[in-house]
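Q: Take this sequence and fold it.
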Amino acid sequence: MDDNTIPARGKISGAYASSALIKNGRRPELVLTKALVLTQDGHLAEGSAMNIFMIRDGVLITPPVTENILEGITRRSVLELAKNDLGLAVLETTN
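A: Have a look, this model is predicted:
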């Protein structure tokens, strides 16, 4: 959800309705239980109810909070564990 409508980092109760709408908009013939969410620019932002992380060449990659993603304790914990406990570099990017 774009920050111009409801700030994603505000954890406003009504904003969680977008997750339900996103899941309802997925293609049922694919038998998927989750959906991926794109930014207005077409970049991967998050899942219907989760953050997205990827490891490539020893680097944990995730979209930055500037992409209107839900910034929360789970995301913060994954980033800290990746850096401090696993020794991974962390890159927040849309590329």
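Q: A helix includes Glu80, no?
A: Yes - read with DSSP: H, G, I helix; E, B strand; the rest coil, Glu80 is one of the residues of a helix.
Q: Just give me the neighbour total for it.
A: Neighbour count for Glu80, taken as other CB atoms under 10 Å: 11. For the C-beta atoms, the positions are set from N, CA and C on the backbone; glycine is no exception.
Q: Next one: it from Lys34, what distance?
A: As defined by CB to CB, to the nearest Å, Glu80 lies at a distance of 24 Å from Lys34.
Q: need the strands for the protein, in chain order.
A: Along the chain, the stretches classed as strands by DSSP state E are 36-38, 44-47, 54-56, 59-62, 89-92.
Q: between those strands, which gets nearest to Asn68?
A: If you check each of the strands of the chain against Asn68 by CB to CB, strand 44-47 wins as the nearest, at 6.6 Å.
Q: ok, Leu91 touching Gly58?
A: No - counting by CB atoms under 8 Å, Gly58 is not a contact partner of Leu91; they are 10.7 Å apart.
Q: ok, those two, which is more surrounded?
A: For Leu91 versus Gly58, the count of surrounding residues by other CB under 10 Å is larger for Leu91: 13 against 9.
Q: which ones are touching Asp41?
A: Going by CB atoms under 8 Å, 6 or more residues apart in numbering, Asp41 touches Thr94.
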